[in-house]
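Undergrad: okay, predicted coordinates and the sequence, questions at the end:
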Amino acid sequence: MCGIAGWVASGPAIPPADTLSEMLGAIAHRGPDGSGAVLIRCHATRHEVALGHRRLAIIDPKGAPQPMRDTGAGLTLVFNGEIYNFRELRRTLALAGLRCERDSDTEVLLRAYELWGHDVVHHLRGMFAFAVWDERDESLFLARDRFGEKPLFIATRGDNLFFASEIKALLRVPGLAEGVDLDAVRSYFAYRYVPGPATLFMGVRKLPPATTLVWRRGVAVQRRYWTAPDRAARNSAARDSAARDDARGSRADAVGEFRKRLEEAVQLQMVSDVPFGAFLSGGLDSSVIVALMSRRGGKVKTFTAGFVDGTSELPYAAAVAREFGTDHHEVVVSHADVVARLGSLVAKRDAPVSEPSDVALHMLATAAARSVKMVLTGEGSDEVLGGYPKHVAERFAPAVQWLPASLRRLLEPLVRALPYRFRRLKTAVASLSVGDRRERYVRWFGALDRAELTRLTALGAARHDSHAPPFDAEPDASALRQVLYFDQTSWLPDNLLERADRMTMAASIEARVPYLDHELAQFVSALPDHWRVHGFTGKRILRAAARELLPRPIIERPKVGFRVPVDQWFRGPLREYLLDHLRDGGSLTRAYYDGQALDALVHEHLEGRQNHDKLLWMLLNLEIWHRQYAPRGRTTAATPLQRVA
């Protein structure tokens, strides 16, 4: 796990001499163990190539410095991530006559590119974002992993290209980010995060997951090399006899094969030359990971977080830790931690902190970093295996929309008036009533519909053709597969994985996610839907596989989630903090809203008449982001941005 930065630029677009050093300094937290940089001159076009690297040493910690160069092959590599199958690839490379001198996934990646060129991505099993300068045809090759576990941001100026692991590094290039992208702000209001490839910074975008970019002679071409398997009604992996569930396959076959593949993913991701552990919530996903890690031998270090005044999973995590004899550590988060840390975390993320649990995640990573450099987590399980309530409920959307509009208009205000403990029912009724699936999918996460956006904001509702998530699942795909595809290609990379990377790397610790092993995801996608959602139960195949790994109470207890009591905190200890940001005369974002509508929204929540915690958290963080990056006064698309350390 590391950070990378660089450019290919010519003439006046070449940044000052100390810019690459400044870019690497901005992401030093991603790689405190070392740094390196090279400058290369293109002979054909006279462009300058800069490649820089910050290293967090996990594999071969004393060797494999970067940038890694082979002048004979004409290749230079900077790489962020881990290639889990690098030892298997090394054997394949040896058969092709390419020898690796070290036990290093970086060297294997360089040799693999030498052998396969741009097709190297099809051979990689891991999380990665990397850049290769190929002197043979003077091209720069960028690539990002399939689910978007590792970030890569890019910006162009004419025929010049700049890239970095985090936006703050790109902001060190003079004049690169010209202002706030108001279309992206509209999307943020609509989705609670900014769907890729956009960012809130004008001129800066994400390289999408499962995508490569080739720059050659001033022309940059992107190519999508992999598609999340749930896009199709039936993906090609269904031809795998081990994944079929028909007359020739039994229940035991499917569950056993899934368990074997998940255990293989965990084993591969435990490869490390430094101490490691696991984030343990006490829920099914992370408990299974810890159980499989414990089978490999040795005492696993586990880390968990809970909240003062909140629904805490600390007792459940402690029970799992006792079951497997882990070296267990707890972190308790209070409202004071939110006030103390939120501003700096927005700066670390270069974006609004869209989930309150980000604060706890960073505190957890900071605590873990005192004794380990890498952790395995249960992230991605819900998005691959169907673990959210919406995955169960989506199949009822046609029936709800079939109800007469007059009946729906009668029911909705009654449900809306229900107390907070009925929040899931309220969310379900509000979401299932929306006919347009593009709006319905994001409503499940507390986003506003077009009418609500029109009442609240002065910017207008987000347009689906502008910064919209990918809604290109095949029409014949089931309702479950369509919503899972949205989760896997938008909500997961642009929200959950982005925050996981930033919050852990801010503490200089690496997080790995076995549930997002792409071979495991393809296997699960090839199974019939009932292996994920059966009746009113999600993650059916994981629950079945867990019966041989976990005690029954852990498997059968209801999903609690990593819930922060921010609704209570806004009415209590965070009340003034909220008002200072949203009602204060110095607010930079108040011009985005209809003032009366915003004040009514805040008042409704503070008086306890409605719970608007997700929306208020979203608005609060947008204001904090503007205070971090924009000068005081009304922000427009032409407003320049300040640099944040």
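TA: Yep, it's here.

Undergrad: what's in contact with stretch 321-333?
TA: Contact with stretch 321-333 is made by 277-278, 280, 290-291, 294, 299-308, 314, 317-318, 320, 359-360, 363-364, 367-368, 550-551, 554, 564, as judged by Cβ atoms under 8 Å, 6 or more residues apart in numbering. All C-beta atoms are positioned from the backbone trio N, CA, C, and that covers glycine.

Undergrad: residue 526 is in contact with residue 229, isn't it?
TA: Yes. Using Cβ atoms under 8 Å, residue 526 is in contact with residue 229, at 7.3 Å.

Undergrad: helices or strands up against the lengthiest helix in the chain?
TA: Ordering each helix of the chain by length in residues (DSSP state H) puts helix 251-269 first. Helices and strands touching helix 251-269, by 3 or more Cβ pairs under 8 Å, 6 or more residues apart in numbering; DSSP states H and E, are helix 284-295, helix 518-526, helix 540-546.

Undergrad: 6 Å - rerun?
TA: On a contact count with 3 or more Cβ pairs under 6 Å, 6 or more residues apart in numbering; DSSP states H and E, helix 251-269 meets helix 518-526, helix 540-546.

Undergrad: can I get those helices in a markdown table including mean pLDDT and mean neighbour count?
TA: What follows is the helices and strands packed on helix 251-269, written out as a markdown table (pLDDT from 0 to 100; neighbours: other Cβ atoms under 10 Å):
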| stretch | mean pLDDT | mean neighbour count |
| --- | --- | --- |
| helix 518-526 | 97 | 22 |
| helix 540-546 | 95 | 22 |
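
Undergrad: take the contacts of stretch 321-333 and keep only those in strands.
TA: Among the contacts of stretch 321-333, the members found in strands (DSSP state E) are 277, 278, 301, 302, 303, 304, 305, 306, 307.

Undergrad: for the fifth one, which residues make a bridge with it?
TA: Meaning residue 303. Beta bridges link residue 303 to residue 279, residue 329, judged by DSSP bridges.

Undergrad: before we move on, back to that, could you turn the buried ones of the contacts of stretch 321-333 into a ChimeraX selection?
TA: The buried subset of the contacts of stretch 321-333, as determined by 16 or more other Cβ atoms under 10 Å, is captured in ChimeraX by this line:
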select :277,278,280,290,291,294,300,301,302,303,304,305,306,307,314,317,318,320,359,360,363,364,367,368,550,554,564
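
Undergrad: closest one to residue 72 among the helices and strands packed on helix 251-269?
TA: Nearest of the helices and strands packed on helix 251-269 to residue 72, taken as Cβ to Cβ: helix 518-526 at 32.6 Å.

Undergrad: so what secondary structure elements neighbour the closest one?
TA: helix 251-269.

Undergrad: now the helix it packs on: buried residues?
TA: Buried-residue list, helix 251-269, by 16+ other Cβ under 10 Å: 254-255, 257-259, 261-266, 268-269.

Undergrad: quick check, nearest of the residues you listed to residue 590?
TA: residue 269 (45.5 Å).

Undergrad: enumerate every residue touching that closest one.
TA: Residue 269 makes contacts with 84, 376, 512, 514, as judged by Cβ atoms under 6 Å, 6 or more residues apart in numbering.

Undergrad: any idea of the pLDDT on the second one?
TA: On pLDDT, residue 376 comes in at 97.

Undergrad: over to residue 247?
TA: Reported pLDDT for residue 247: 32.

Undergrad: got it, and the one 4 residues further on?
TA: The predicted local distance difference test score for residue 251 is 72.

Undergrad: show me the contacts for residue 604.
TA: Residue 604 sits in contact with residue 610, where contact means Cβ under 6 Å, 6+ apart.

Undergrad: assumed it was part of a strand.
TA: No. Read with DSSP: H, G, I helix; E, B strand; the rest coil, residue 604 is helix and lies in no strand.

Undergrad: tell me where the stretch 101-250 of the chain has helices.
TA: 105-116, 167-170, 182-191 (DSSP state H, counting those that start in this stretch).

Undergrad: and those helices, which is most packed in?
TA: Comparing the helices of the stretch 101-250 of the chain by mean neighbour count (mean count of other Cβ atoms under 10 Å), helix 167-170 comes out on top with a mean of 25.

Undergrad: gap between that one and the chain center?
TA: The chain centroid and the centroid of helix 167-170 are separated by 18 Å under Cα atoms, centre = their mean, to the nearest Å.

Undergrad: packing partners of that helix?
TA: Applying 3+ Cβ pairs under 6 Å, 6+ apart, we find helix 167-170 packed against helix 19-26, strand 153-157.

Undergrad: ok, and what's touching it?
TA: Residues outside helix 167-170 that contact it (Cβ under 6 Å, 6+ apart): 5, 23, 26, 27, 153, 155, 162, 164, 176, 204, 350.

Undergrad: what of stretch 479-497?
TA: Contacts to stretch 479-497, defined as Cβ under 6 Å, 6+ apart, come from residues 148-149, 193, 195-196, 209, 228, 230-231, 354, 383, 394-395, 441, 469-470, 473, 529, 533.

Undergrad: what about burial for these, which qualify?
TA: Buried subset of the contacts of stretch 479-497 (neighbour count, 16+ other Cβ under 10 Å): 148-149, 193, 195-196, 209, 228, 230-231, 354, 383, 394, 441, 469-470, 473, 529, 533.

Undergrad: buried sites along stretch 26-38?
TA: Going by 16+ other Cβ under 10 Å, stretch 26-38 has these buried residues: 26, 27, 29, 30, 31, 35, 36, 37, 38.

Undergrad: let's see which of those residues end up in strands.
TA: Short answer: the buried residues of stretch 26-38 in strands (DSSP E) are 35, 36, 37, 38.

Undergrad: any idea how far the first one lies from residue 27?
TA: Taking Cβ to Cβ, to the nearest Å as the measure, residue 35 falls 10 Å from residue 27.

Undergrad: could you do the last one as well?
TA: Applying Cβ to Cβ, the value for residue 38 to residue 27 is 17 Å.

Undergrad: do I have it right that residue 53 meets residue 36?
TA: Yes. Checked against Cβ atoms under 6 Å, the pair residue 53 and residue 36 is within contact range at 5.1 Å.

Undergrad: anything in contact with each of those two?
TA: 66, 67.

Undergrad: and this structure, what are its domains?
TA: 2-226, 234-386+479-556, 574-633 (automatic domain parsing).

Undergrad: Throw these into a markdown table and include distance to residue 455, thanks.
TA: Below are those laid out as a markdown table (distance: least, Cβ to Cβ, whole Å):
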| stretch | distance to residue 455 |
| --- | --- |
| domain 2-226 | 12 |
| domain 234-386+479-556 | 21 |
| domain 574-633 | 5 |
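
Undergrad: in stretch 113-126, what's buried?
TA: Neighbour-count burial for stretch 113-126, counted by 16+ other Cβ under 10 Å, picks out 113, 114, 116, 118, 120, 121, 123, 124, 125, 126.

Undergrad: quick one: contacts for the last one?
TA: Contact analysis of residue 126 by Cβ under 6 Å, 6+ apart lists 82, 83, 84.

Undergrad: mind checking which of the residues you listed land in helices?
TA: Residues of those located in helices (DSSP H): none.

Undergrad: drop anything exposed from those.
TA: Using 16+ other Cβ under 10 Å as the burial test, those include 82, 83, 84 as buried.

Undergrad: looking at the residues you listed, which is nearest residue 607?
TA: Ranked by distance to residue 607 (Cβ to Cβ), the buried ones among the contacts of residue 126 are led by residue 82 at 49.7 Å.

Undergrad: got a pLDDT number for the closest one?
TA: pLDDT, residue 82: 96.

Undergrad: please identify which helix or strand holds the residue most central in space within the chain.
TA: In the chain, the C-alpha nearest the mean C-alpha coordinate belongs to residue 497, at 1.4 Å (Cα atoms, centre = their mean). Following DSSP states H and E, the helix or strand that holds residue 497 is helix 497-505.
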